[in-house]
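K.L.:
Provided below for reference: sequence and predicted model.
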Amino acid sequence: MKEKLDYAGFVELCRGATPIKLDAGDRQRVVEARRTFEDILKASPGTSYYGINTGVGAFLNMGIAADRMEEFQENLIMSHACGIGQPLENDIVKGIMLHMILNLKQGYCGIRLQTLELLVEMFNRSIVPVVPAVGSLGASGDLVPQAHIALALIGRDRQGMLRAAGLEPAKLQAGEAIALLNGTSLMTSFLAYLVFHSDNLIRAADVAAAMTIEALGCGTESFERELQLLRPQAGQMATAEFLTRILKQKVGKTSTRSLQDAYSFRCIPQVHGALRESLLKARDVVDVEINSFGGNPWISRAGEKPEIRQASGNFHGQILAHTADSLAIALCTISGISERRIDKLLSSGANGLPLFLARDQGLDTGLMITQYSAAALVSESKTLAHPASVDSIPVSAGQEDFVSMGAWAARKAWQICSNTEYVIAIEMLCAAQALDFRPPSTEKSKIAEVHSAVRRHIPPAQKIRVLADDIEKLCELVRSGALLHEVGL
């Protein structure tokens, strides 16, 4: 595997067919760390090491007998595998597995090579355990979801996935259970996918907005570079530049609708640009986390001889929780401003367009009800956007007394991202229908190319049909980036 991965490479590995492989350096680090780990335990038989020969949480002062060490490994994993709710998507679970592998291969936790290689084999064969969505507090890492991965690794999952695939489950030895449980793998997986999807989404949101501007004859003076330089926020500048590129000859034109267009048009650079700013920070946070070690205990080599240290806090997900909440809020505003543009397309026979873009008004309600769906999604997202990272509930008899709630922050940000993709798809659907009523442009433009691309997948609504199918198809084209790829954006 590459020495360093970014979020895009992380997602590519999870979704790709190319198997991952521990290189010689990875294997050497893991073997040497295990040897060091075992040497330290042999040299200090009376010393307590958290989660290795002691209980965990508030049981940290209770010792574990050497002859019960294997039993303790299984007990620890089974007791932590108490997730509830619907199973996480396979992509997200593969991301959890990949981050666990990246965490363990760094040679700080004492995992055995054969255990890690079995996890790699599971990943490569897409043996994806069932991981319930709810249970992690994002503080001692993502204990519960990682326990469900480890449960399959030791053959204790209900499905018996390893044996069904002809693989022998792991028999864990001292210290391996705690190594498998600690880390920020669920939060990191969600955030890598969130940033990856948001990269597609922000460009799609710009394109949808530009289609609406074209359909309604809105002004574009507010996108001019001279104005942007008076307030050179990076995200705002990037959005205005992108809009300028795809609208080209339309930039600088005054509105044919009114003296001033609504904020949902002239403030697109400021609102869409805010998501771009959040994404810049999120990319940095996720890229660092993908390549970091978040276990506890850990092997330190800073002194004269290696030591097992047991006071790490690297598994705490506060920065990830803040990042997820920030993305959730920014994504929520993108769907909110898009819904306002949808309303302008459909209401009051905008700029000569038929009310609700209906061809046979009365008999045909046109795209009226698509706004209802968009409004429902936006309302749901507004509720979900309340930050999770401001909450904390002490657990383990107060030993783990301040938690990040990063897992919930990431899960609901993921839902908001999905909601926003649907809203953008609805705006594109409505804008394409509005453009159908306009005379074809004699000038080549990116908007005309996008309109044509939409129509290649979704025919014009000449008469009533089930629009849910159109929305689903267009949303998938937005989500995957395929629509913009077709037109070179």
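P.N.:
Arrived safely, thanks for sending.
K.L.:
which residues of the stretch 351-489 of the chain score low on pLDDT?
P.N.:
Scanning the stretch 351-489 of the chain for pLDDT under 70 picks out the ranges 442.
K.L.:
the helices in it, which residues?
P.N.:
368-384, 406-436, 446-457, 467-480, 482-486 (DSSP state H, counting those that start in this stretch).
K.L.:
repeat that for the stretch 1-150 of the chain.
P.N.:
Counting by DSSP H, counting those that start in this stretch, the stretch 1-150 of the chain has helices at residues 7-15, 24-43, 69-80, 90-104, 113-124, 143-153.
K.L.:
closest one to residue 180 among these?
P.N.:
Closest approach to residue 180 among the helices of the stretch 1-150 of the chain is made by helix 143-153 (4.3 Å; Cβ to Cβ). C-beta: built from backbone N, CA, C; applies to glycine.
K.L.:
could I get the closest one in CSV with only the CA atoms?
P.N.:
Provided in CSV are the C-alpha atoms of helix 143-153 (Å, rounded to 0.1, in the frame of the first residue of the first chain):
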residue,chain,number,x,y,z
LEU,A,143,-15.5,0.7,19.8
VAL,A,144,-18.8,-0.9,19.0
PRO,A,145,-18.6,-0.9,15.1
GLN,A,146,-15.0,-2.1,15.3
ALA,A,147,-16.0,-4.9,17.6
HIS,A,148,-18.5,-6.1,15.0
ILE,A,149,-15.7,-6.2,12.5
ALA,A,150,-13.5,-8.1,15.0
LEU,A,151,-16.4,-10.4,15.8
ALA,A,152,-16.4,-11.7,12.2
LEU,A,153,-12.6,-11.9,12.3
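K.L.:
list the contacts of the residue lying closest to residue 62 once chain neighbours are set aside.
P.N.:
Spatial nearest neighbour of residue 62, excluding adjacent residues (Cβ to Cβ, 6 or more residues apart in numbering): residue 55 at 4.3 Å. Contact analysis of residue 55 by Cβ atoms under 8 Å, 6 or more residues apart in numbering lists 61, 62, 64.
K.L.:
dump the residue contacts of the last one.
P.N.:
Spelled out, it's residue 64. Here residue 64 is in contact with 53, 54, 55, 72 (Cβ under 8 Å, 6+ apart).
K.L.:
pick the one among those closest to residue 411.
P.N.:
Looking across those and measuring by Cβ to Cβ, the closest to residue 411 is residue 55, at 29.3 Å.
K.L.:
how much space is there between the closest one and residue 466?
P.N.:
Look at residue 55 and residue 466: by Cβ to Cβ, to the nearest Å, they are 57 Å apart.
K.L.:
and for residue 130, the neighbour number?
P.N.:
17 (other Cβ atoms under 10 Å).
K.L.:
in space, what's closest to it - neighbours in sequence excluded?
P.N.:
For residue 130, the closest residue by Cβ to Cβ, 6+ apart turns out to be residue 87, at 4.9 Å.
K.L.:
same question for residue 247.
P.N.:
residue 210 (5.5 Å).
K.L.:
just the element for residue 293, please.
P.N.:
Residue 293 is part of no helix or strand, with elements assigned from DSSP states H and E.
K.L.:
wait, doesn't it sit right on residue 315?
P.N.:
No. Using Cβ atoms under 8 Å, residue 293 is not in contact with residue 315, being 9.7 Å away.
K.L.:
who has more neighbours, those two?
P.N.:
The neighbour count for residue 293 versus residue 315, taken as other Cβ under 10 Å, is higher for residue 315 (22 against 19).
K.L.:
just want the most central residue of the chain.
P.N.:
By Cα atoms, centre = their mean, the chain has its centre lying nearest to residue 194, at 2.4 Å.
K.L.:
got a list of what that one touches?
P.N.:
282, 324, 327, 410, 413, 414, 417.
K.L.:
re earlier: contact partners for the residue nearest to residue 247?
P.N.:
Going by Cβ under 8 Å, 6+ apart, the list of residues near residue 210 reads 243, 246, 247, 446, 447.
K.L.:
what sits closest to the second one if chain neighbours are left out?
P.N.:
On the basis of Cβ to Cβ, 6+ apart, the spatially nearest residue to residue 246 that is not a chain neighbour turns out to be residue 446, at 4.1 Å.
K.L.:
tally of neighbours for the one you found?
P.N.:
18.
K.L.:
could you do the one 5 residues further on as well?
P.N.:
Counted with other Cβ under 10 Å, residues neighbouring residue 451 total 24.
K.L.:
just to revisit the earlier point, from the contacts of residue 194, which is closest to residue 481?
P.N.:
residue 417 (13.6 Å).
K.L.:
you'd agree that closest one is up against residue 331?
P.N.:
Yes. Proximity of residue 417 to residue 331 meets the contact threshold set by Cβ under 8 Å, at 5.5 Å.
K.L.:
which one's more surrounded, these two?
P.N.:
residue 331 (32 against 25).
K.L.:
tell me the contacts of that one?
P.N.:
198, 201, 275, 381, 413, 416, 417, 420.
K.L.:
now, of the residues you listed, which are buried?
P.N.:
198, 201, 275, 381, 413, 416, 417, 420 (16 or more other Cβ atoms under 10 Å).
K.L.:
out of the contacts of residue 331, who's nearest residue 483?
P.N.:
residue 201 (11.8 Å).
K.L.:
shaky segments in this structure?
P.N.:
249-258, 349, 442.
K.L.:
residue ranges of each domain in it, please.
P.N.:
For the chain, automatic domain parsing gives the domain ranges 7-183, 190-486.
K.L.:
now distance to residue 1 too, for the ones you listed, in TSV please.
P.N.:
As requested, those are arranged in TSV below (distance: least, Cβ to Cβ, whole Å):
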stretch	distance to residue 1
domain 7-183	5
domain 190-486	11
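K.L.:
between residue 417 and residue 331, what contacts are shared?
P.N.:
With Cβ under 8 Å, 6+ apart as the test, residue 417 and residue 331 both reach 198, 201.
K.L.:
residue 338 and residue 13, how far apart?
P.N.:
From residue 338 over to residue 13 (counting by Cβ to Cβ), the distance is 32 Å.
K.L.:
re earlier: residue 301 is nearest to which of the helices of the stretch 351-489 of the chain?
P.N.:
Comparing these by Cβ to Cβ, helix 406-436 comes nearest, at 29.1 Å.
K.L.:
just checking, what packs against the closest one?
P.N.:
helix 185-216, helix 318-346, helix 368-384, helix 446-457, helix 467-480 (3 or more Cβ pairs under 8 Å, 6 or more residues apart in numbering; DSSP states H and E).
K.L.:
tell me what angle that helix forms with helix 90-104.
P.N.:
140 degrees (axes from the mean of the first three to the mean of the last three Cα atoms, to 10 degrees).
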